[in-house]
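Chemist: give the three-dimensional model of this entry:
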Amino acid sequence: MRTSLRTSIAGAVAAVTILAGGTAHATPPGPGVTATLIAQKTVGDTDYVLREITVPPGQSTGWHYHDGPLYAYVKQGTLSHFDSTCASDGVYPQGSAVQEPAGPGNVHIGRNLGDAPLVLTVLYVLPHGAPFSEDAPNPGCPFE
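Modeler: Reported below is the predicted structural model:
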């Protein structure tokens with residue numbers, strides 16, 4: 001499983017989601033959230049982007065969705081993932097694989113609730129020219 005995920009991530013190119021939401025409007029990700037481009041390739045009408053995302057302790061990606069599927073590997077720390085109902089839809093410790101479906105019906109947030117930085121290797125599979133993520137407002141959750 002790890003090998004196939006790494007092959008998928010390395011074979012295509014990826015990125016992360018660092019966009020956010022507020023109750024009435026979108027807001028940015030938490031302070032200190034960074035992304036580093038590792039690789040990028042366009043094949044036909046699809047962009048493959050590989051990025052490394054770092055989320056400091058206590059911070060989040062902000063509320064967002066993706067225009068294409070996303071595949072990630074938790075390189076360090078633990079990702080706490082929440083959907084638009086405010087429910088946790090997964091806790092992913094170091095070594096875990098994460099998959100996020102595409103579309104505005106899949107609004108979510110990634111949070112680092114631990115005391116160490118969360119580091120993700122992320123592969124984005126996007127329509128050519130699409131952003132890594134689309135901002136979404138906080139759906140009414142008591143957290144950002």
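Chemist: and the pLDDT at the closest residue to Glu100 other than its chain neighbours?
Modeler: Using Cβ to Cβ, 6 or more residues apart in numbering and skipping residues adjacent in sequence, the residue nearest Glu100 is Leu70, 4.3 Å away. Heads up, the C-betas are built off the backbone N, CA and C, glycines and all. According to the prediction, Leu70 has pLDDT 98.
Chemist: how many neighbours does Leu70 have?
Modeler: 27 (other Cβ atoms under 10 Å).
Chemist: how about Gly140?
Modeler: 9.
Chemist: can you tell me how far it sits from Lys41?
Modeler: Using Cβ to Cβ, to the nearest Å, Gly140 is found at 38 Å from Lys41.
Chemist: over to Ser60?
Modeler: In terms of Cβ to Cβ, Ser60 sits 29 Å off from Lys41.
Chemist: re the thing from before, the residue nearest to Glu100 touches Gly103, doesn't it?
Modeler: No: using Cβ atoms under 8 Å, Leu70 is not in contact with Gly103; the gap is 11.4 Å.
Chemist: who does Arg51 bridge with?
Modeler: Leu37, Val122 (DSSP bridges).
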